[in-house]
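Peer 1: Based on what follows, work out the 3D shape:
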Amino acid sequence: MPRTSKRLTAREVATRTEPGKYADGDGLHLVINRDADAVRKRWLLYFTWNGKRREMGLGSARDVSLAEARARAESARRLVRDGVDPIANRAAIAPVVLTFGQFADQLVDEIEVGFRNEKHRYQWRQTLTTYAAPIRAKAIDAITTDDVLACLKPIWSTKQETASRLRGRIERVLDAAKARGLRQGENPARWRGHLQNLLPKRIKLQRGHHPALPFGEVPAFVAKLRNRNAISALALEFTILTAARAGEVFGATWREIDWDNELWTVPKERMKAGRLHRVPLSSRCIEILNSVAALRHSADPGAYVFPGAKRGRPLSNMAFKALFTRMEINGITVHGFRSSFRDWAGECTDFPREIAEAALAHVVGDATERAYRRGDALEKRRELMDMWRAYLTSSDPN
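Peer 2: Sure thing, here's the model as predicted:
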């Protein structure tokens, strides 16, 4: 009989309060009871022994995590397969030893509710899966400094920002494991006074200097882009026209589009600065939205404006990279088009610096200055973005 897929998540275990039994698969259940004002949660395993259905308690959900409960259940099922009664031989159940990968996945499930956006969630999972691959199968209580270095050294010089974030995420996973009583001693991923003595000093990155096209070459690039019949090309042109970040465009949903006022409102949860951002939409942006609206599979206002290959998912972070490859474009980044826009606005228009910075959703000035400038200069930005649209289409062969 095929194994039943797991149905619970760590977040569900933590947040469910309604009394009942919730199946995780393979006979493992979370049982919730309510006594007066207290909610009690425990783990229960159902199995068959000598033709009879039996149940075995695996501990309180307060003390035993979902990953640990699954490990205990698998140990008990292994005894059953070997002809041993797990209830009569509890001592034979092997101690639960979680791997780094198991615990890391569980931790991300628990903390991702606090992440700002889908890109942040993806980055956490991707780094702890891909770059931490050398230690994922190793017991969480056995991770050493050499293990951490095995993950960091291959990318420390070539992908400095990724390596730094990976180190910090490994450190947090190991700190959380220690807090759960799953490991002891100092954290081998800590930087100060430890890894800083074992790894080369990082070259400080200058933020904002992403490889970019000179703004004089952007209209010709957009003209080539408009000759491509792909949703990724439409999404990239929309990104350039709005001077937005790629993640903001990937995560855009139809409920954020105000057709009547030709406005795209990005909620603060999806903005880097954590502030709501209104984006005036030029006539070309509206044309693009009409084009992708004709391809919609769902009338759900929560559907993504630029859907990916998988139903219900947006375009992936790799969509624009793949598009650059097909166009044989090298040496530039999507983020660099924001720099192209800023250079154009500064050199070719008379708009104040603050207007261009507001179009980029940058925070300008100190707290006092921002308090006096409460508006977002929407109408002035609309004029600026329409001039940008006219400039970008100046080389449009159509």
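Peer 1: contacts and neighbour counts: CA atoms only from here.
Peer 2: Noted.
Peer 1: Got phi/psi on the residue nearest to Tyr304 when sequence neighbours are not counted?
Peer 2: Leaving aside its chain neighbours, Tyr304 sits nearest to Thr253 (4.3 Å; criterion: Cα to Cα, 6 or more residues apart in numbering). Thr253 adopts backbone torsions of phi -120, psi 160, taken as degrees, to the nearest 10.
Peer 1: Helices of the stretch 51-200 of the chain, residue ranges please.
Peer 2: Along the stretch 51-200 of the chain, counting by DSSP state H, counting those that start in this stretch, helices occupy 66-81, 100-111, 118-126, 133-136, 145-156, 160-179.
Peer 1: which other helices and strands contact the last one?
Peer 2: It stands for helix 160-179. Packing partners of helix 160-179 (3 or more Cα pairs under 8 Å, 6 or more residues apart in numbering; DSSP states H and E): helix 100-111, helix 145-156.
Peer 1: Which positions within the next helix or strand after that helix qualify as buried?
Peer 2: Along the chain past helix 160-179, the next helix or strand (assigned with DSSP states H and E) turns out to be helix 218-225. Buried residues in helix 218-225, defined by neighbour count with 16 or more other Cα atoms under 10 Å: 218-223, 225.
Peer 1: next structured bit after helix 218-225?
Peer 2: In N-to-C order, the element after helix 218-225 by DSSP H and E is helix 231-242.
Peer 1: tell me the average confidence for that following helix?
Peer 2: Across helix 231-242, the average pLDDT comes to 96.
Peer 1: when you give positions from now on, start the count at 764
Peer 2: Done: numbering now begins at 764, and the last item shifts to helix 994-1005.
Peer 1: Show me what the following helix or strand past that helix is packed up against.
Peer 2: Next along the chain after helix 994-1005, taking DSSP H and E as the criterion, comes helix 1009-1013. Applying 3+ Cα pairs under 8 Å, 6+ apart, one finds that helix 1009-1013 contacts helix 994-1005.
Peer 1: circling back: could the buried residues of helix 981-988 be laid out in a markdown table, adding distance to Arg1074 and pLDDT?
Peer 2: A markdown table is the format used below for the buried residues of helix 981-988 (distance: Cα to Cα, whole Å; pLDDT from 0 to 100):
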| residue | distance to Arg1074 | pLDDT |
| --- | --- | --- |
| Val981 | 32 | 93 |
| Pro982 | 33 | 93 |
| Ala983 | 33 | 92 |
| Phe984 | 30 | 93 |
| Val985 | 28 | 94 |
| Ala986 | 30 | 93 |
| Leu988 | 25 | 93 |
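Peer 1: ok, the residues you listed vs Thr893, which is closest?
Peer 2: Leu988 (31.9 Å; Cα to Cα).
Peer 1: Surely the closest one is in contact with Glu1000?
Peer 2: Yes. With contact defined as Cα atoms under 8 Å, Leu988 reaches Glu1000; the gap is 7.2 Å.
Peer 1: that older thread, tell me how many other residues surround the residue nearest to Tyr1067.
Peer 2: Thr1016 sits with 21 neighbouring residues when counted by other Cα atoms under 10 Å.
Peer 1: can I assume it is in contact with Ala1062?
Peer 2: No. Thr1016 is beyond contact range of Ala1062, at 11.2 Å (criterion: Cα under 8 Å).
Peer 1: care to break this protein down by domain?
Peer 2: Per the record, the chain has its domains at 773-855, 863-960, 978-1158, by automatic domain parsing.
Peer 1: Now do the contacts for the residue nearest to Tyr1067.
Peer 2: 1064-1068 (Cα atoms under 8 Å, 6 or more residues apart in numbering).
Peer 1: Now the buried members of those.
Peer 2: Buried among the contacts of Thr1016 by 16+ other Cα under 10 Å: 1066-1068.
Peer 1: and which of those residues is nearest Ala926?
Peer 2: When these are compared for distance to Ala926 (Cα to Cα), Tyr1067 comes out closest, at 30.9 Å.
Peer 1: For Ala905, which non-adjacent residue is spatially closest?
Peer 2: Leaving aside its sequence neighbours, Ala905 sits nearest to Arg946 (Cα to Cα, 6+ apart; 7.9 Å).
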